[in-house]
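Participant: Here is a sequence with its predicted model. Questions after.
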Amino acid sequence: MNTANDISSDLGRILVTGGAGFVGGNFVRYLMRESGMQIANIDLLTYAGNLETLAGVEDEPNYRFVHGDIADARTVNCLIRDFRPSCIVNIAAESHVDRSIDGPAAFVRTNVNGTYCLLGAVAAYWRELDESARERFRFLHVSTDEVYGSLGDTGAFTETTPYAPRSPYSASKAASDHLVQAWWHTYGLPTLITNCSNNYGPYQYPEKLIPLMILNALSGKPLPIYGTGGNVRDWLYVEDHCHAIWRVLGAGTPGETYNVGGNSERTNLEVTDTLCMLLDELLPDAPSRPHRQLLTFVDDRPAHDWRYAIDAAKIRTELGWQPEETFESGLRATVQWYLENTAWCDVVKSGSYGGERLGLKDVES
């Protein structure tokens, strides 16, 4: 669907922050296939950012990587003024709830201070552009549905749902969203925000539910289910999310927020059961088959939100986006990718994460 305000053909040069992580890396790959744009990618390469995710991209003539921190004002200012982007997509974030429980400081630094630093540099750069370039410029901030808090058994988050974050992670993302909105209302910076549901797919760091369960199952390790396994999430295939970001960037109205959901609500136990069935099918000779025997119920996460659900009517009706993958087709593709890319998994896990439980420690001092 094309709309009258679709500016994607005029975007030209795009700066992606956090482009070596899960969503960011998939988005950079999406841009390489779909856009023909000049791409700059800045990433600090913390534990979940890995250049192996961009293998095959680094030698492309329209791609540039910068190892840097969005909370470092000098680095950000130099990059923006040297590259001169016509749009920026801010995906850089600390994003794992359990890690935010153990160490919230990193989440405040990257998600709050980093976004603040980036907005300051971007606003100064944007004000110096000529009128036509200012009109075309966009700053898109990628956020999460977790800023809205927790739902009961019914209802769904809309773009007007009040913020009610309940973890250090979601609180830091809520703060960054508010900063982005403030730069639109106060300074006129043409910002956009997307709040997405739980992503899954290739290149996801294996601390998150789906890749952790896949890799644990391959090793015959327990599949830990928090609490009763009844917590519900709306699952969004990462490629569909990348398409949504691109759609909002090209056709979204500055100052607006767009919720992005997969229309695929599942309990954690349902997700794991489906994974086990797929692994049984794809690995008929596995010693751990049937894989469901590996399920292990463990103590619940502190302040574990009960249910998230996204109402994506706005992006569907205004911009014509909707997910192409069902949960079943996306999950099958995801499992197949991990089975075929165990070398990538070994590399990203080699120095920092061994699949241990996170989110039970006392808060850092």
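Facilitator: Happy to help now that I have it. This structure is a prediction, so every number in the text was calculated from the model and none was measured.

Participant: Just give the number of residues close to the nearest residue to Asp300 once chain neighbours are set aside.
Facilitator: For Asp300, ignoring the flanking residues on the chain, the nearest one in space by CB to CB, 6 or more residues apart in numbering is Gly227 at 3.4 Å. Where C-beta positions appear, they are placed from N, C-alpha and C, glycine not excepted. Counted by other CB atoms under 10 Å, the residues lying close to Gly227 total 15.

Participant: now swap in Glu270 and tell me
Facilitator: 14.

Participant: quick one: which helix or strand includes it?
Facilitator: Element membership for Glu270 (DSSP states H and E) is helix 268-282.

Participant: continuing past that helix, what's the next helix or strand?
Facilitator: strand 295-298.

Participant: Neighbouring strands - and their directions - for that next one?
Facilitator: strand 223-226 (parallel) (DSSP bridges).

Participant: ok, and what's touching whatever helix or strand comes next after the strand it pairs with?
Facilitator: Later in the chain than strand 223-226, the nearest helix or strand by DSSP H and E is strand 232-237. Under the contact criterion CB atoms under 8 Å, 6 or more residues apart in numbering, strand 232-237 has outside partners 145, 196-201, 260-268, 271, 306-310, 323-325, 327, 330-331, 333-334.

Participant: same thing but 7 Å
Facilitator: The contact list for strand 232-237 (CB atoms under 7 Å, 6 or more residues apart in numbering) reads 196-201, 260-262, 264-267, 307-310, 323, 325, 327, 330.

Participant: Could I get the average pLDDT for that strand?
Facilitator: The average pLDDT within strand 232-237 is 97.

Participant: Please save the CA atoms from that strand in CSV.
Facilitator: What follows is strand 232-237, C-alpha atoms only, in CSV (Å, rounded to 0.1, in the frame of the first residue of the first chain):
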residue,chain,number,x,y,z
VAL,A,232,0.9,-14.7,27.6
ARG,A,233,2.8,-12.8,25.0
ASP,A,234,1.9,-11.7,21.5
TRP,A,235,4.6,-13.1,19.2
LEU,A,236,5.9,-11.1,16.2
TYR,A,237,8.3,-12.6,13.6
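
Participant: Mean confidence (pLDDT) on stretch 133-147, please.
Facilitator: 97.

Participant: Show me which residues of it are buried.
Facilitator: Phe137, Arg138, Phe139, Leu140, His141, Val142, Ser143, Thr144, Asp145, Glu146, Val147 (16 or more other CB atoms under 10 Å).

Participant: Those residues: which two are farthest apart?
Facilitator: Phe137 and Glu146 (28.4 Å; CB to CB).

Participant: still on that earlier bit, was I right to think the residue nearest to Asp300 contacts Ala303?
Facilitator: No - contact criterion CB atoms under 7 Å: Gly227 and Ala303 do not qualify, at 11.9 Å.

Participant: if we can go back for a sec, by contact count, what packs against the helix holding Glu270?
Facilitator: On a contact count with 3 or more CB pairs under 7 Å, 6 or more residues apart in numbering; DSSP states H and E, helix 268-282 meets helix 209-218, strand 223-226, helix 327-340.

Participant: can these go into CSV with extra columns for distance to Gly25 and mean pLDDT?
Facilitator: Listed next are those as CSV, based on distance: least, CB to CB, whole Å; pLDDT from 0 to 100:
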stretch, distance to Gly25, mean pLDDT
helix 209-218, 14, 95
strand 223-226, 26, 96
helix 327-340, 13, 97
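
Participant: quick one, which of those is nearest to Ala171?
Facilitator: Taking the helices and strands packed on helix 268-282 one by one with CB to CB, strand 223-226 is closest: 20.1 Å.

Participant: Show the contacting residues for the closest residue to Gly12 other than its chain neighbours.
Facilitator: Leaving aside its chain neighbours, Gly12 sits nearest to Ser86 (4.2 Å; criterion: CB to CB, 6+ apart). Ser86 sits next to Leu11, Gly12, Arg13, Ala133, Arg136, Phe137 when contact means CB under 7 Å, 6+ apart.

Participant: got it, and Glu94?
Facilitator: Ser100, Ala106, Phe107, Thr110, Asn111.

Participant: ok, Phe264 to Tyr200 distance?
Facilitator: For the record, residue 264 is Ser, not Phe. Distance of Ser264 to Tyr200, computed by CB to CB, to the nearest Å: 10 Å.

Participant: Which residue of the two possesses the greater neighbour count?
Facilitator: Tyr200 (25 against 22).

Participant: Verify the contact between that one and Thr334 for me.
Facilitator: Yes - proximity of Tyr200 to Thr334 meets the contact threshold set by CB under 7 Å, at 5.7 Å.

Participant: quick one: common contacting residues for the two?
Facilitator: With CB under 7 Å, 6+ apart, Tyr200 and Thr334 have common neighbours Ile210.

Participant: got the phi/psi numbers for Leu45?
Facilitator: phi 60, psi 50 (degrees, to the nearest 10).

Participant: now the one 10 residues further on
Facilitator: Recorded main-chain torsions at Ala55 are phi -60, psi 130, according to degrees, to the nearest 10.

Participant: For Val16, see how far away it is.
Facilitator: 17 Å.

Participant: Please identify which of the two sits among more neighbours.
Facilitator: Each of Ala55 and Val16 has its neighbours counted (other CB under 10 Å); Val16 has more, 26 against 12.

Participant: Is the more buried one within a helix or a strand, and which one?
Facilitator: Using DSSP H and E, Val16 falls in strand 13-17.

Participant: just to revisit the earlier point, check what pLDDT the residue nearest to Asp300 gets.
Facilitator: On the pLDDT scale, Gly227 gets 95.

Participant: Am I right that Thr257 is in contact with Thr161?
Facilitator: No - contact status for Thr257 versus Thr161: not in contact, 10.2 Å apart, counting by CB under 7 Å.
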